[in-house]
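Trainee: Take a look and give me a structure for this.
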Amino acid sequence: MADLYPVAGSKIYIGPAKATQASDFDASDFSALSWTLVDGWTQMGTVGDASQVITTALINRGRDVKQKGTKNAGSMQNVFAVIGDDAGQIALLAAEASPSNYAFKIAFDDAATSPASPVPTPTIKYFVGLVTSAQEAGGAANTVRNLNATIEINSNVVTVAPNP
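Mentor: Residues are numbered from 1 along each chain as shown. A predicted model of the protein is given here:
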């Protein structure tokens, strides 16, 4: 039975501007990129495809028939504790000011050592997206300032399985 892993310890990285493409990305499309860790990540948003539903009302059947349509990887709404001099947060803010798509990488903390693999690799997710918002939010007196950043995922999400 597989182990369960917490979100704690996961990391999100921003890469350079990266154009979308007509075909799906694969891991090799992200292998030569330079990555910057975005520090202060406190809340991870959703990531992954959802299909649009095409509904056709068939009069003679008295029933709606549904098919899957195009896929949309969604909006990833993340929260970060504001760290003003963090290079990753600075890059995220710059990406919000840009019309370009950027490469993103999430590394989960699920690598486990074994005799066969003393240097394991975690599950990695890669995708391209637009940073459409980067807004600061306050809270009560005993909270930190937050940076709420939305990434509109504009590609397939490539998952690289962990190497135990």
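Trainee: where does the protein have low pLDDT?
Mentor: For the chain, residues meeting the criterion pLDDT under 70 lie at 1-2, 113-117, 164.
Trainee: What are the boundaries of the helices in it?
Mentor: In the chain, the helices defined using DSSP state H lie at 87-96.
Trainee: how about the nearest residue to the residue positioned nearest the centre of it, chain neighbours excluded?
Mentor: Centroid-nearest residue in the chain, with C-alpha atoms, centre = their mean: Val47, separated by 5.3 Å. Nearest in space to Val47, with sequence neighbours left out and distances taken as C-beta to C-beta, 6 or more residues apart in numbering, is Met76 at 5.2 Å. For glycine as for every other residue, the C-beta is placed from the backbone atoms N, C-alpha and C.
Trainee: do you know how far the residue lying farthest from the centre of the chain is from Ile106?
Mentor: No residue in the chain sits farther from the centre than Asn60, which is 43.9 Å out by C-alpha atoms, centre = their mean. Going from Asn60 to Ile106 by C-beta to C-beta, to the nearest Å gives 48 Å.
Trainee: again, but for Ser34
Mentor: Distance of Ser34 to Ile106, given as C-beta to C-beta: 16 Å.
Trainee: which of the two has more neighbours?
Mentor: For Ser34 versus Ile106, neighbours defined as other C-beta atoms under 10 Å are more numerous around Ile106 (20 against 8).
Trainee: ok, that one - contacts?
Mentor: Applying C-beta atoms under 8 Å, 6 or more residues apart in numbering, we find Ile106 in contact with Ser10, Lys11, Ile12, Tyr13, Met44, Val47, Ile124, Lys125.
Trainee: from these, which is closest to Thr132?
Mentor: The shortest approach to Thr132 among the contacts of Ile106 belongs to Val47, at 15.0 Å (C-beta to C-beta).
Trainee: That closest one and Val157 touch, don't they?
Mentor: Yes: using C-beta atoms under 8 Å, Val47 makes contact with Val157 at a distance of 5.8 Å.
Trainee: list residues touching both of these two?
Mentor: Common neighbours of Val47 and Val157 (C-beta under 8 Å, 6+ apart) are Ala73, Lys125, Phe127.
Trainee: what's around the second one, how many residues?
Mentor: The reference is to Lys125. If we define neighbours as other C-beta under 10 Å, then Lys125 has 17 of them.
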